[in-house]
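Peer 1: Need a 3D model of the sequence below.
(chains A, B, C and D)
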Number of protein chains: 2
Amino acid sequence: MAAERTASWVDGALQVLAASGHRSGGARRALLELLDSQRCALSALEIEDALRTSERRVARASIYRILDELERLGLVQKVEVGQAMARYEPLRTGAGHHHHLVCDSCGVIMPFTDRGLEEAITKLSRRVPIEVSEHEIVLHGACEECKD
Amino acid sequence: MAAERTASWVDGALQVLAASGHRSGGARRALLELLDSQRCALSALEIEDALRTSERRVARASIYRILDELERLGLVQKVEVGQAMARYEPLRTGAGHHHHLVCDSCGVIMPFTDRGLEEAITKLSRRVPIEVSEHEIVLHGACEECKD
DNA sequence: TTCGATGCAAAGAATTTGCACGCCA
DNA sequence: TGGCGTGCAAATTCTTTGCATCGAA
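Peer 2: Here you go, the predicted structure:
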């Protein structure tokens, strides 16, 4: 829609955080950068793992707290793909919006986008009894590998 | 699509169970009947609660085991509406297929159906890298009550 | 110096597993 | 009668909370 500078999602997020009265903090910064570098949603534990190795180590509790705050501010989206574990990914304006394919056999998760689907959702949103702010679509099935 | 007798979902389910080599069992029966009588998805704990009161009491572990088996057999669908708790509902052929609206403020869940959405999904399913067997759509937002 | 940010460990909540007994086929 | 179905309780796994300390403004 609007032509926005892709001034790294991290910067934008930090700005929003500052604007809402948050101080800096190394843990949050590391977490934001990790999320930004990912291709698809990560779970809290995967984040802890990734950060333990490289970057800056961040306590598990902090990860949950930070993700919770980021979600509340609309900076990340929590996605539930049915593996008893929440996953999070950056919420970018316009570009980057996608949904998920899940292989119920091996658990792999892949992102996909579909214009028709988004249009259907937009139309639909106007006539449901709630004020829609977000939507989440998950297609379950068997991936090439597991299809046999 | 096909004109199917609505010979109660419970009966059909019991038949599938029998066909796949399962014995009868009172707990499963009670759980099936409860699910069949519901208007929307229930969580395992809600099921335990409902069964504790009336019907036949069923142990929590059994509820999880039974739901797991029913899901594997394609008799119920697990829906994740993002409240750190899985919900289950009967999977009926054709009629009854719906998706969910979730109020992120009060947590109420409402079912909805949309033809356009289903068509978009069907088309889309043909060109994604997995063999789609199920799909789940959740719209998040604020309900009339919480909209203020 | 002040108060939010973070780490650590214990607490909680949902779900799973182990094992013994009861009941259907 | 044999083995699945079920209950009970302990164990796991993911997430949250309590509290002390560290660090940014």
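Peer 1: Tell me the spacing between A:T53 and DNA strand C.
Peer 2: Note on A:T53: its distance to DNA strand C, by Cβ to the nearest atom of the strand, to the nearest Å, is 14 Å. All C-beta atoms are positioned from the backbone trio N, CA, C, and that covers glycine.
Peer 1: likewise A:E89?
Peer 2: 19 Å.
Peer 1: Give the phi and psi angles for the nearest residue to that residue once chain neighbours are set aside, as a check.
Peer 2: The shortest distance from A:E89 to any non-neighbouring residue, by Cβ to Cβ, 6 or more residues apart in numbering or on different chains, is to A:A41 (4.0 Å). As for A:A41, its main-chain torsions (degrees, to the nearest 10) stand at phi -60, psi 140.
Peer 1: what about the residue nearest to A:E134 when sequence neighbours are not counted, neighbour count?
Peer 2: Distance criterion Cβ to Cβ, 6+ apart; nearest residue to A:E134, sequence neighbours excluded, is B:H140 at 4.4 Å. Residue crowding around B:H140 was assessed by other Cβ atoms under 10 Å in any protein chain shown; the count is 19.
Peer 1: Over to A:A41?
Peer 2: Neighbours around A:A41, by other Cβ under 10 Å: 22.
Peer 1: Please list all residues in contact with it.
Peer 2: Residues in contact with A:A41 (Cβ atoms under 8 Å, 6 or more residues apart in numbering or on different chains) are A:79, A:81, A:87-89, A:100, A:109.
Peer 1: now, which of these sits nearest A:S8?
Peer 2: A:E89 (15.4 Å; Cβ to Cβ).
Peer 1: Contact residues of chain A facing chain B?
Peer 2: A:78, A:80-82, A:84, A:86, A:101-104, A:110, A:112, A:114, A:116-117, A:119-121, A:123-125, A:128-144, A:147 (Cβ under 8 Å from any Cβ of the partner chain).
Peer 1: Could you show which parts of chain A are in contact with DNA strand C?
Peer 2: A:21-29, A:56-62, A:65-66, A:84 (Cβ under 7 Å from any atom of the strand).
Peer 1: Report the residue spans of chain A with pLDDT below the cut-off.
Peer 2: Across chain A, the ranges flagged by pLDDT under 70 are A:1-7, A:94-95.
Peer 1: And the residue of it closest to DNA strand D?
Peer 2: Closest residue of chain A to DNA strand D, Cβ to the nearest atom of the strand: A:A61 (3.1 Å).
Peer 1: hang on, that residue in a helix?
Peer 2: Yes - according to DSSP: H, G, I helix; E, B strand; the rest coil, A:A61 belongs to a helix.
Peer 1: How is the residue most central in space within chain A assigned, secondary-structure-wise?
Peer 2: The residue lying closest to the centre of chain A (Cα atoms, centre = their mean) is A:E89, at 1.6 Å. Secondary structure assignment for A:E89 (three-state DSSP): strand.
Peer 1: who's it bridged to?
Peer 2: Going by DSSP bridges, A:E89 is paired in beta bridges with A:Q77.
Peer 1: A:P111 now?
Peer 2: Beta-bridge partners recorded for A:P111 (DSSP bridges): A:H100.
Peer 1: Get me the contact residues on chain A for DNA strand D.
Peer 2: So far as Cβ under 7 Å from any atom of the strand goes, chain A lies against DNA strand D at A:23-26, A:43-45, A:60-61, A:64-65, A:68, A:84-86.
Peer 1: ok, 6 Å please
Peer 2: A:23-24, A:43-45, A:60-61, A:64-65, A:68, A:84-86 (Cβ under 6 Å from any atom of the strand).
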